[in-house]
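Engineer: 3D model of this:
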Amino acid sequence: MKTSYKNIYAVLKINRFIVLAVVVCALGSSAFSGWVVYDIHKKALNSSFAINTDGTVIPLKWVVQKENFKVEALAHLELFHSYFYNIDASNYEKNLEKALWLGNSSVDNLYRQKKADGVYNRLLQYSLVQKVLSIESQLDLQVEPYQFQTKTIFEINRGTVVDSYELVSTGNIIVVDRNYPKNTHGLLITNYFENTLKKVHNGQ
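Structural biologist: Numbering: from 1, shown residues only. Prediction:
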C-alpha cells in the first residue's frame, strides 16, 4: 500500500518564500531603525543649547518650557492673591470662591479661620474696601513641589482712614489638570501660610 506525500517542491517553495519574507522584513526594520537614529542625531546636532548655572549643557527647548512654566506660575500666584485679598462687601463671596479653586485645603482652612474670626463680617458691617496694590512673587523651580514666597501690599479703606499693609505668604505649587475656566493654569497652591503681616506707611 502506497503512502501519499505532498509535493516536496511545493513545500520547499513555501518555506523559501517564508524565509525570504522574514529576511526582507528584518532588513527593512533595521534600515528604518537606522534612519530614525540618524534623523534624531541630526536634529540634536542642529538644536540650540543653553548653559545651566552649574555649567551643564541643556536643550534650549527645555529652557523655554521652564520659562513658560514660570510665567504661568507667577500669573497663577498673582491671580490667587488678587482674588483672596482684593475684596469688599459686594464682591468678596465671588472672589473667594474663585480663589479657593486655585489652592488646596490649606487655602480653604485659612478662609474658614478668617471667617470664624469675623474678618468677613467686619467687611460687611463697616463696608470696608480691601484693595491690593502690588503682588511680587519669588519662585524656586529646582524641584517639585515648587516653593514660592509672595509679598502682597494692600490697603484697607475704612471711609475716613486708609491703612496699608504688607503681607508675606509662602507655600508650594504643584501641577494638576487644567480646569477651564476655574483653574486655567493647571496649577494648585499647597501648604499656604501667611507668615507676616505688618502695617506700612502710605507711599512706602
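
Engineer: below-threshold pLDDT in this structure: ranges please.
Structural biologist: Low-confidence regions of the chain, defined by pLDDT under 70, span residues 1-7, 9, 11, 38-39, 41-65, 202-204.

Engineer: for it, just list every one of the helices.
Structural biologist: Under the criterion DSSP state H, the chain contains helices at 8-46, 60-85, 92-100, 105-116, 119-125.

Engineer: which residue is the nearest non-sequential neighbour of D140?
Structural biologist: Counting by C-beta to C-beta, 6 or more residues apart in numbering, the nearest residue to D140 once its immediate chain neighbours are dropped is Q147, at 4.5 Å. To be clear about C-beta, it is placed using only N, CA and C from the backbone, and glycine gets the same treatment.

Engineer: kindly report the same for N157.
Structural biologist: Sequence neighbours aside, V129 is the residue nearest to N157 in space, at 4.1 Å (criterion: C-beta to C-beta, 6+ apart).

Engineer: wait, which of the helices of the chain is closest to G186?
Structural biologist: helix 60-85 (7.9 Å; C-beta to C-beta).

Engineer: now do that closest one: which elements does it pack against?
Structural biologist: Other helices and strands packing on helix 60-85, by 3 or more C-beta pairs under 8 Å, 6 or more residues apart in numbering; DSSP states H and E, are strand 49-51, helix 92-100, helix 105-116, strand 129-140, strand 146-157, strand 162-175, strand 187-200.

Engineer: just put these in CSV and tack on distance to V37.
Structural biologist: Converted to CSV, these look like this (distance: least, C-beta to C-beta, whole Å):
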stretch, distance to V37
strand 49-51, 20
helix 92-100, 50
helix 105-116, 48
strand 129-140, 37
strand 146-157, 35
strand 162-175, 32
strand 187-200, 37
